[in-house]
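Q: Make a model of this:
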Amino acid sequence: VWLDDTGPIPLVELAELSGLTQTELERLVECEALMPMRADERGLLFSPDCLAVARTARRLRNDFNLDADALALALRLLERVRELEGELRALQAQFPRRWR
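A: Purely as a prediction, here's the structure:
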């Protein structure tokens, strides 16, 4: 599926594209592992970036048989790892000789 920035993805469509159920997605929202952009008459609306997060959640659920709470924790931990890797890359760029 090719995504562009033409607009937000409704919950129903995110469920279809990600392979998660609407209930699972709503639980991830409750746990703050997935953040909707806003809500309107169609329900919760998500940025296109949320599709990658939701697909990662589906893979984790399928591979490790995780429930929604465990998925939320795993997603938060993966996000924290990405943040820390970004900080490490920034430090390595500032001090290139120290990291070799």
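Q: next one: the worst-scoring helix or strand of the chain on mean pLDDT to chain centre, how far?
A: The least trusted helix or strand in the chain, going by mean pLDDT, DSSP states H and E, turns out to be strand 38-40, with a mean of 90. Relative to its parent chain, strand 38-40 has a centroid offset of 18 Å by Cα atoms, centre = their mean, to the nearest Å.
Q: Who are the packing partners of the helix or strand that that strand is followed by?
A: Following strand 38-40 in sequence order, the next helix or strand is strand 43-46 (DSSP states H and E). The contact analysis (3 or more Cβ pairs under 8 Å, 6 or more residues apart in numbering; DSSP states H and E) places strand 43-46 against strand 9-10, helix 11-18, helix 22-30. Glycine gets a C-beta too; all of them are placed from N, C-alpha and C.
Q: CA atoms of strand 43-46 as PDB?
A: Extracted C-alpha coordinates of strand 43-46, given in PDB (Å, rounded to 0.1, in the frame of the first residue of the first chain):
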ATOM      1  CA  GLY A  43     -14.400   8.300  14.400                       C
ATOM      2  CA  LEU A  44     -10.700   8.400  15.200                       C
ATOM      3  CA  LEU A  45      -8.400   9.600  12.500                       C
ATOM      4  CA  PHE A  46      -4.700   8.600  12.300                       C
END
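Q: can you pull the buried residues of it?
A: Leu44, Leu45, Phe46 (16 or more other Cβ atoms under 10 Å).
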